[in-house]
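In: Return a 3D structure for these sequence lines:
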Amino acid sequence: MVGRVLKPIKPSREECHTLILVTEGSYRMKIGFKEYTITPNQIVVLQAGVVFSTTKLSQDVKGFTCHFHPNILIGKFGNRSLIFEFEFLVNGNYPIIEVSQHAKKDILNLYKRLALEFKKDGKPKSEIIHAYLFTLLTELKFLFGSSIALNQNAPYRITSQFRMLVQERIKENLRVSDYAKMLNISPNHLNKSVKAATSKSATEMIVEMKLIEIKYLLYQSDLSLSEISYEVGFQDASYFTRFFKKHEKIAPTQFRKLIESS
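Out: Prediction:
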């Protein structure tokens, strides 16, 4: 969903990612416990799951809002690695992206094209929307590299290394202590670092990444539930089903049926 008007927002927590581009005026937001003022040529990234609210809008504020569910990166593009490639969508990362003068025209054009597609009569063409969204995210990925370079610290680096290890060894049923040993740090240090960088515990991140892998396999493979269970480190298929249902509020079989009917 893409909109052009920026409106006040009460304290909220969304399941979707939101990318707000300010073109005129200013837009003051509280994200978690921090406040940010977004001015022209800046994009605020509201990652899925964060608590945010608008604290003040200038009378002349204008811009665009892009709102999309994280699952689109797994299902429509068929590439689970995109979840980790677009680091600015990871909760805890620096939420403001500076739009350079060089990139401004292209970024603005992508927002406008997305907005126009949604305003067309009839059903918007999903293939076009996905292409524009992927291009927008790719543009922001390179801009984010410049922004995050100023905000990287030890917890961020440790969390990035931890995330890579979990992704590489997703088939193994490893504990936080196992990953801490690989990183030559204590489990407590790993937990504190991940918490500082993402507001999540190391265990929560492992769970999140397992769910991403499961959704990918449900979307993109013909593997049975037992086979998917094995692929993500579960020896017991019934426990695997309970695990997925606990976190997604839907059984994996129902999730797959929803995909097939969409």
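In: where along this protein do the strands fall?
Out: Counting by DSSP state E, the chain has strands at residues 2-3, 12-13, 17-24, 27-31, 34-38, 42-46, 51-57, 62-68, 96-98.
In: what's near enough to touch the most centrally placed residue in the chain?
Out: For the chain, the residue nearest the mean C-alpha position is L89 (3.5 Å; Cα atoms, centre = their mean). Listed by Cβ atoms under 8 Å, 6 or more residues apart in numbering, the contact set of L89 reads 17, 45, 47-48, 70, 83, 137. No exception for glycine: its C-beta is placed from N, CA and C like everyone else's.
In: any idea how far it lies from I20?
Out: For L89, the distance to I20 (Cβ to Cβ, to the nearest Å) stands at 14 Å.
In: Reformat the strands of the chain as CSV; add mean pLDDT and distance to K120.
Out: As requested, the strands of the chain are exported to CSV (pLDDT from 0 to 100; distance: least, Cβ to Cβ, whole Å):
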stretch, mean pLDDT, distance to K120
strand 2-3, 54, 12
strand 12-13, 70, 28
strand 17-24, 90, 21
strand 27-31, 82, 27
strand 34-38, 83, 29
strand 42-46, 89, 24
strand 51-57, 77, 29
strand 62-68, 88, 17
strand 96-98, 88, 28
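In: Of those, which stretch is the most buried?
Out: A comparison of the strands of the chain by mean neighbour count, using mean count of other Cβ atoms under 10 Å, puts strand 42-46 on top with a mean of 22.
In: between that strand and strand 62-68, how big is the angle?
Out: Note on geometry: by axes from the mean of the first three to the mean of the last three Cα atoms, to 10 degrees, strand 42-46 and strand 62-68 are set 30 degrees apart in direction.
In: ok and strand 42-46 relative to strand 27-31, angle-wise?
Out: Going by the same axes, to 10 degrees, strand 42-46 makes 30 degrees with strand 27-31.
In: what's the angle from strand 42-46 to strand 51-57?
Out: Using the same axes, to 10 degrees: strand 42-46 against strand 51-57 is 150 degrees.
In: Show residues contacting strand 42-46.
Out: So strand 42-46 is contacted by 14, 17-22, 27, 29, 31, 36, 38, 52, 88-89, 93, 95-99, 107, 140, 143 (Cβ under 8 Å, 6+ apart).
In: my guess is K245 contacts A251, does it?
Out: Yes. Between K245 and A251 a contact is recorded at 5.2 Å, counting by Cβ atoms under 8 Å.
In: would you turn the strands of the chain into TSV with distance to S201?
Out: Listed next are those as TSV, based on distance: least, Cβ to Cβ, whole Å:
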stretch	distance to S201
strand 2-3	34
strand 12-13	18
strand 17-24	21
strand 27-31	20
strand 34-38	20
strand 42-46	21
strand 51-57	17
strand 62-68	26
strand 96-98	25
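In: pLDDT below threshold where in this protein?
Out: The chain contains residues with pLDDT under 70 at 1-11, 32-33, 51, 75-84, 91-94, 122, 146-153, 259-262.
In: Check the burial of R157 by counting its neighbours.
Out: Neighbourhood size, R157 [other Cβ atoms under 10 Å]: 12.
In: Look up how far P187 lies from it.
Out: R157 sits 17 Å away from P187, taking Cβ to Cβ as the criterion.
In: Count the residues that sit near the residue nearest to K192 when sequence neighbours are not counted.
Out: Spatially, and ignoring its direct neighbours in sequence, K192 is nearest to P155 (7.4 Å; Cβ to Cβ, 6 or more residues apart in numbering). For P155, the tally of surrounding residues (other Cβ under 10 Å) stands at 18.
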